[in-house]
Structure formats: structure tokens, C-alpha cells
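J.: Any chance you can model this:
(2 chains)
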Number of protein chains: 2
Amino acid sequence: MKTAIITIGDEILIGQIVDTNSAWMSKKLTEAGFEVEEKISIADNAQQIKDTIRDVFQRVDVILTTGGIGPTKDDITKKTLCEYFGTELIFDESVLENINNVISNFTTLNGLTRDQAYVPKDCTVIQNRVGTAPITWFERGDKVLASMPGVPYEMKYNMENEIIPRLQSKYNAEAYVSHVLIVGGYTESNLAIHLTDFENNLPEGFGLAYLPSPRLMKLRLFVKGEQRNPELEEEVNKLRILLGDAILAEKDIPLEKIVGEHLSEQGLTLGTAESCTGGYIAHLITSISGSSQYFKGSIVSYSNEIKCSILNVSQSNLNEYGAVSEPVVIEMVRGAQKALNVDCAIAVSGIAGPDGGTPEKPVGTVWIATAIKDKMEVKRYQLGKYREANIVGASNTAILQLLRMINE
Amino acid sequence: MKTAIITIGDEILIGQIVDTNSAWMSKKLTEAGFEVEEKISIADNAQQIKDTIRDVFQRVDVILTTGGIGPTKDDITKKTLCEYFGTELIFDESVLENINNVISNFTTLNGLTRDQAYVPKDCTVIQNRVGTAPITWFERGDKVLASMPGVPYEMKYNMENEIIPRLQSKYNAEAYVSHVLIVGGYTESNLAIHLTDFENNLPEGFGLAYLPSPRLMKLRLFVKGEQRNPELEEEVNKLRILLGDAILAEKDIPLEKIVGEHLSEQGLTLGTAESCTGGYIAHLITSISGSSQYFKGSIVSYSNEIKCSILNVSQSNLNEYGAVSEPVVIEMVRGAQKALNVDCAIAVSGIAGPDGGTPEKPVGTVWIATAIKDKMEVKRYQLGKYREANIVGASNTAILQLLRMINE
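T.: Numbers count the residues shown, from 1 in each chain, chains lettered A, B, ... in the order given. Predicted coordinates:
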């Protein structure tokens, strides 16, 4: 059972928008056991749409399309699907009724919206409960094509409630089982070398995927078929032995959420003192809904003046060792605990670049101090040359350093 | 001259990551005058890679691939390209030298990384100055295939510095000339209605693209061919008259960089006091290299306690009006000016969601105060329902509010 996703719309091809839909769809399809063979983005062009569908149907069973079914004149998917499947548009009163239900809350019907009730004659029409563009489902023997809107929440609602259940009832797909490990302290190649034997000895059908992000690695071990769960657990156990403390979490969630869960459980509060990360750690932490339960705030001390005035860093240490130094980052973390009145604190001082590097402290030099009550850890890291990657990398590393302390 | 982008990697097909690369690449190619015909994502599967390249080359002149060239064994693009083009891998000392330069800062060479120096014999090897995987450029008559890493900053660096210049010198693509206006205060549809006559009367070949981002609109007026620059300038003048003060900048640079340039010019310093934006404004400001010239720091006062202790917000105002209120955000902005000793400050307090909304202050309610020395502006905004969009939207709106004050 192979599937393909075709996203239709000029705005994707000229790079005006990032296609986040197809990643979400792929994840849901994969989890449900449907293999996504390919994803294609094409223009609002009738000939290209028809050629692509014809071509892709030679390789897959199911095509899901998004986009091109809005009310404006550049949206031609519905009309083009009629041409492809040799059918015509007819007016459907039940669709009009659904449209009226959907819009009744906030606007009245106009001509363009009313025309959304024209649907292809020879297809199954699925009412779109969250938008005005109906979903169309073309079933021809073993093959299915379903056409959805590109609006993300409309697509998501209809994938979950309509498309995936219908695919599951038509095809008996075997779902993947998988296990995710978040691993710290390895580069991708070092980890791969460490796991060479493990990978070579994986049972038939198993796969191990590496997903690197700055200073962190997500490992996903997977196999098709629920009956293979015991084998999966056995292999995960081997990984646990091989990786030990390097395993930071066994959930596919961001590091900042893992930290948040630990802090909540232990009733600890957190604050940060950030120099080169410029508030990015605070942003990561507060991007998690509910973080106000444990996160109290941050001092972004970009200037030395603020390091002194609010974090109580001593001018003599700044003069003697510079802002990017062990003594200063220690004062910062202790200063943050006090100024923010928190149990745990993270302090970062470094050189993000591109300017500011010296032979002794090149761009990418970062000092990180983490504290939990009286305990403290402080380390120097050497990151890379690029500002953006250094800000993200230093932030991940800092959260990771705190997480390790919590786990100890 | 038609191009296609092929992204290679299981992680995209199973939805583990969102492909942001191809949108960025599409934008750059379009601007450089290269039409992107299609974008395809396929698996780390040799047969599929070869079939797709063969197929796509029947429709386009240039294929750019990303991904699958890392050091681990799931990365098979380089080997597969050798098979496709009938060549073999050979060891290249100059690539090894480049790899050693790239990694020298933070790690030492291991076997897998060393193997990155094996490159296809019959191709042009482009040294990757920001990563260990070399870029390969296969030129066969009129057709070109270039293979790049999937790591975003590596891809971006090499697209800008190597791939696009090489494509421009091989093909005489007529680049677009364009002019970008950053416009505030309009929704997309309001702006489109305001500009209807202007758009209808544009000379042949001209296009106007609307790029909305939360609370901001980027307008890009473009036409192919440098000889049309005088016409472009004429049309831009019309837009200047039509939009007046709503034009915030005439450069395609982020808002936070525009603000930074103004602050530098006027010798003003900036700090922020952030509640619901959680440090994101500070992050945006400090993402700009050189921002330490004008940005001194931030107080992320996620808890009320910190609003009082560091920003000197009065407990009575918090009790009477709540943290998300005009009196509190005014105290925050004045408190930030004082605590951070800055000329200008931005203060934000709001309800990012999904929890915390009330009938009087639903999710998305945001108060923003901006101050330049003695002057101050304070406004209430109603944003949307989604946490992430609210954090970004409130941050953009806040920077915009300050920018308007600076421009007045």
C-alpha cells in the first residue's frame, strides 16, 4: 500500500510559503502504516496536475492532494480532477447546507462561496465540517485519490476524521511500531560508529534513523507490525546498555519540554541569565504551554553593565577574565538564582560571532553554568562559526547540561 | 530554463521533519530568474533516486538535490549519483583538507568523517566551507545536477555562494529586478483592495507579490530584465504615494534589523521587558549581528514576582487590573528603561494561550508599551488562538510599534 502526497499551488513553488502540511500528513500516514512513497509540489496548472497524477498513479495506490480548491479563480484543482476522471461539476444541496452551517457564525453567503457547492458528479463527496471547500474522494478499483484544502487546520481535521479512517477501512495497512531516544554528547558520526555493530545485527525489517539537531541527536528505531513489539523492546534494551547516560529521554518531545516535566514533578522553579543566547533559552522554555508553572523569568544581560547591576557580577572579574569566562558565568548563575528567586538557573556567556573572537576565545566559545539549589556545574564548550547555529546550539547545550544535572 | 528540487531523506517522507529548505531554495531561484517547475521528496532509496532523476530530467534542465550526503550509512545519495552518472568514488585530498579546516575548531577526524573526502570522479567538486560533506556538480551537456547537504545553513551558504552564481554563469537567466516594501497596518485583503487599480494598471510583465507574516506585509514588485529598472522605479513611486506612512522600510530585511539600523544611527540604546513573548523579542533583536551596539538586555518577567522585584511594577496595579493590563505594561516599560538603563524600551504582557483566557481578556489579548526616552505609546491588540503564532505575532507587533515611534 503506497501513498503519495501532491501539494498544488504556485505559492509553494516560488517559495512564498513553507509546506508544513505534507510533513504532518506523512507522519500521520506513516503511523497508520501507510508508506509515503513521494511528495510532490506542483503549480496551479491543469496540464501539470493531470500529468503528475497519471504518472504518480503508476507507482502508488493512494494519492492525497492539498490545495487549489478555494473560491478564487487561481484555484483549479476541482475542475481539473473532473477533466482527469472524465466527469462534470454538479450542484449539491447538501454541500450548500454544510457551507451555510460553517459560515453562519461569522459571515453571510456570497456568490464565490456558494459556487463551492459545485462538486464532481462521479466521486464521493465528504462534507468539510470546518471549511467551505468540500473534500472529494475518487475511488477507481484499487486506487484512491482524495482532494483536500491546503488550509492547515481544515486539512488536519479532515485527515484525522475522514481520510485516514476511510483509508484504513479500504486497505488493511500494518502500522509501524517505533521507539525514540533523545541522545546527547555525540556527533552524528561518533554515534554511528558507536552503534555500527548494533545496526549490523538488527533483525530483518528493523530500521534506525538519525535525526541530528545542534548538539543533540534523535534516534528512532522502527519496524512494521505490532506483533514485533517484543523484538523492538529487546533492541531498545540493547541501545539502553550501549548508550547509558547519554540517553536523555525516551520520548519524541523537545528537550525544553522534558526539562519542564522534571521541574514540575520535583516542584522546582527555573530562571535564566543569558548573554550570547540573547533570550533564546527563555523563548524555548516558554514555548511550552504551561511553562509558567516552573519558569519565573530571565535576565538577558547582553551588556556588562546589566551583568553587574542586576546579576551582581563583579567588575573585577569582568576586568580580569572578561565576560566570556568561568568566574563570570558562575556569578551569573548565582546572580540569576538570587535576582529571580528560583531553585534552578542556567547562565550562558559566549561569543556567537561573526565578530568578537580572539585567538584564546574564538567565535563559538561558550561558558555554561547550571545550578540546582547549592549544586553547580560549569563547563566550557567550543561550538562552530555561525551565529544562528551557535545561538541554537548553546541554548540546546545549556538545557541539556541542566537536564543531566537533574537526572544525576 | 526549468529547475526542479529533489529532497532526499526518509525523515521527510515519514514526517519527522518539515522541509523548510525547498521553500528557501525556491525563493532564491525564482529571484535569480530560474523557474521552479516541481519539488519532489523521496526516500533514501537508490532505485527511487535514479528513477526520479531520470524522469525529472525529461522535464527540466537543472536538478538541485539536498540530503543523503552525511557520513552515516543511511545516506546513499553520493554513491547513487555515481551509479546514475556511471562513475566511481575516488579519494580527494583537497576535500580532506577542507574537512580538517571545518572541524578543527571543535573535534578531531574520525573514519566516517574522513570518508566524506571520497567524491565522484567525473564531476566538479565544490568545497563545502561550512560542513564536511562536499557539494557535487554534474554537468552533462545542457543539463546540470548539483547535490547539496540537507543541513539548512550548509545548504543556504552553498546556494548563495556557489550554486546560484554557477547557474547564472552557465545559463543566461534573465534575473528579476524587484523592489521590496515592508508595509504595516493592513491585512492582506485590505491591502489588495487598496491596490486594485494599481495592480490592474501595471505594465506588461510586472508582478506584485504579497508575503504576509504575523501583523506585517511584505510587498515585492518585480519584473524580468535589468533594462526595465526605470519602469520599476516609476511603479515604486506610485506605491510610495498610495501607501505613504504605512511603508516601514524599503529593504528586504527583517524588522528587527531595520529597528537596529535606526537605533544605531540615532545613538539610542534598547531593552525589553517581556511577559508572554518570553524572550522572543530579545532573541529577534540579538539574532542580528552587531546588535550589542544598541541592545543592552531584557527582563523576561514571566512571573508577577519578577515584574515587581526587578521592574518595580506595583502590587496594587497587579491586584486591581491584572498582569495583562494598560497600567502594568506602562510600569513594565518604564521599569525596563530604568532597570536596564536604556533610552528605548519595549514591554509586552498578554495571554499567549492555549490556557489563561477569560471573557474580558480572551487568549490573544496583548498589551504593548513602547518608550523612547520620555515619550511613550501603549496599545491593546487582539491576536489569534494559537500560542506559537501569538508569541511571534506579539513580538513583531511590538517591534513594529517601536519602529513607528522612531519614524514619527
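
J.: So which bits of the longest helix seen in chain A are buried?
T.: Ordering each helix of chain A by length in residues (DSSP state H) puts helix A:387-407 first. Within helix A:387-407, the residues that qualify as buried by neighbour count (16 or more other CB atoms under 10 Å in any protein chain shown) are A:387, A:389-404, A:406. Where you see a C-beta, it was placed from the backbone N, CA and C, and this is true even at glycine.

J.: ok, now stretch A:152-172?
T.: A:E154, A:M155, A:K156, A:Y157, A:N158, A:M159, A:E162, A:I163, A:I164, A:R166, A:L167, A:Y171.

J.: any idea which of those is closest to chain B?
T.: Proximity of the buried residues of stretch A:152-172 to chain B was ranked by CB to the nearest CB; the top entry is A:M159 with 11.5 Å.

J.: Tell me the secondary structure of the closest one, please.
T.: Under the three-state scheme (DSSP: H, G, I helix; E, B strand; the rest coil), the conformation of A:M159 reads as helix.

J.: returning to what we had before: ok, and of the buried residues of helix A:387-407, which contact chain B?
T.: Taking CB under 8 Å from any CB of the partner chain as the test, chain B is in contact with A:R387, A:A389, A:I391 out of the buried residues of helix A:387-407.

J.: Now tabulate those in CSV and tack on pLDDT.
T.: As requested, these are exported to CSV (pLDDT from 0 to 100):
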residue, pLDDT
A:R387, 90
A:A389, 83
A:I391, 94
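
J.: Redo those as a markdown table? Include distance to A:E35.
T.: Output for those, formatted as a markdown table (distance: CB to CB, whole Å):
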| residue | distance to A:E35 |
| --- | --- |
| A:R387 | 39 |
| A:A389 | 33 |
| A:I391 | 37 |
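
J.: which bits of the stretch 301-408 of chain A sit near chain B?
T.: Counting by CB under 8 Å from any CB, the residues of the stretch 301-408 of chain A near chain B are A:301-303, A:305-306, A:309-310, A:339-341, A:353-355, A:362, A:364, A:382-389, A:391.

J.: out of those residues, which are buried?
T.: Among these, those scoring as buried are A:301-303, A:305-306, A:309-310, A:339-340, A:353, A:362, A:364, A:383-387, A:389, A:391 (criterion: 16+ other CB under 10 Å).

J.: where in the stretch 1-150 of chain A is pLDDT low?
T.: Judged against pLDDT under 70, the low-scoring parts of the stretch 1-150 of chain A cover residues A:73, A:105-107.

J.: ignore the last one, the stretch 251-400 of chain A
T.: Residue ranges of the stretch 251-400 of chain A with pLDDT under 70: none are present.

J.: Let me see the ranges of the helices in it.
T.: Secondary structure of the stretch 251-400 of chain A, counting by DSSP state H, counting those that start in this stretch: helices at A:255-266, A:280-286, A:304-309, A:315-321, A:326-340, A:387-407.

J.: circling back: from the buried residues of stretch A:152-172, which land in helices?
T.: Applying DSSP H to the buried residues of stretch A:152-172, the entries found in helices are A:E154, A:M155, A:K156, A:Y157, A:N158, A:I164, A:R166, A:L167.

J.: from what I can see the fifth one touches A:N128, true?
T.: Yes: A:N158 is in contact with A:N128 according to CB atoms under 8 Å; the separation is 6.2 Å.

J.: overlap in contacts of those two?
T.: Among the neighbours of A:N158, those also in contact with A:N128 (CB atoms under 8 Å, 6 or more residues apart in numbering or on different chains) are A:I135, A:P149.
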